[in-house]
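**Student:** sequence and computational prediction follow.
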Amino acid sequence: MALYKLILAYDGTDFSGIQRQGRVRTVQGELEKSLGELGWQEKTLLFAGRTDAGVHASGQVATCALDWQHSSADLRQALNARLPQDVSILEVSTVEAEFQPRYDASSREYHYTVYHMAVRQPLRERFAWRIWPALDLDRMEQCAAIFIGRHDFSAFGRAMKKGGNTVREVFTSRWFATDDGCRYEIEANAFLYHMVRRLVYVQVRYAQGGISLEEVKQGLTQGRSLKPGLAPAHGLVLANVHYNGKRRELNEDEVN
């Protein structure tokens, strides 16, 4: 019996999130079904982070204990042969029995993509938020920079339980120009529920002139309520989960 670390990617469009829940289709449900065909006997898989319905991943991490008599490459091939087309195992490796994908992670990295077109582009709609007129990238970058550091993000997300900790540390928050729009990259030790989509929405509102930079700063420093709204789920991707070899204790209310 060995513990395997799986790095997986998925198109979240047709999933009701990652976590198994009732009879709806989830990433966890599909992966556990495929593993079961290979002799997996655990009750549940462990993941590095949770993603909502419609959110994608290119670097999600899961672990499973399995009595597998072949190579890690063979396990990857066997799983991919059984998984649906919108889920793929990118890498498989063995790890120490103590490894825990959630608690051992030092940070998570999300990307959010916006494209600028006057009319919708069906081939882009599954993975990016269409905004027109085009956003001012300088204003987006100006707003993004204020989120870096350790702050109370209660105005930009919520804890999973009432009274839960809402302080998070953001290491990277920046926008990049793309061929037809821009991409937001944010890395933090952990995230509140809906935090990334909320941050993107607020930054877009600022770039469009619907909210002032001072209001955004007050939301961050004083917890003042801001206009409600979330960026659509389909533009968001869990891009990477980073590990530095040191276990970090999370509060139960943290969302990753």
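**Tutor:** Okay, I see it. Numbers count the residues shown, from 1 in each chain.

**Student:** separation between the nearest residue to residue 186 once chain neighbours are set aside and residue 148?
**Tutor:** Closest residue to residue 186 apart from its sequence neighbours, by Cβ to Cβ, 6 or more residues apart in numbering: residue 173 at 5.0 Å. The C-beta positions use only the backbone N, C-alpha and C, and glycine is treated the same way. From residue 173 across to residue 148, the span is 5 Å (Cβ to Cβ, to the nearest Å).

**Student:** spell out the secondary structure type for the residue nearest to residue 186.
**Tutor:** Three-state assignment for residue 173 (DSSP: H, G, I helix; E, B strand; the rest coil): strand.

**Student:** how about residue 49?
**Tutor:** Per three-state DSSP, residue 49 ends up coil.

**Student:** from residue 59, how far out is it?
**Tutor:** 10 Å.

**Student:** who touches both of those two?
**Tutor:** 238, 241 (Cβ atoms under 8 Å, 6 or more residues apart in numbering).

**Student:** the chain: strands as residue ranges?
**Tutor:** Per DSSP state E, the chain carries strands over the ranges 2-10, 46-47, 56-66, 87-95, 105-115, 129-130, 149-152, 167-177, 181-188, 236-243.

**Student:** buried sites along the third one?
**Tutor:** So the one you mean is strand 56-66. Buried residues in strand 56-66, counted by 16 or more other Cβ atoms under 10 Å: 56-64, 66.

**Student:** who's more crowded, residue 173 and residue 148?
**Tutor:** residue 173 (20 against 16; other Cβ atoms under 10 Å).

**Student:** shouldn't the more buried one be in contact with residue 191?
**Tutor:** No - contact criterion Cβ atoms under 8 Å: residue 173 and residue 191 do not qualify, at 12.0 Å.
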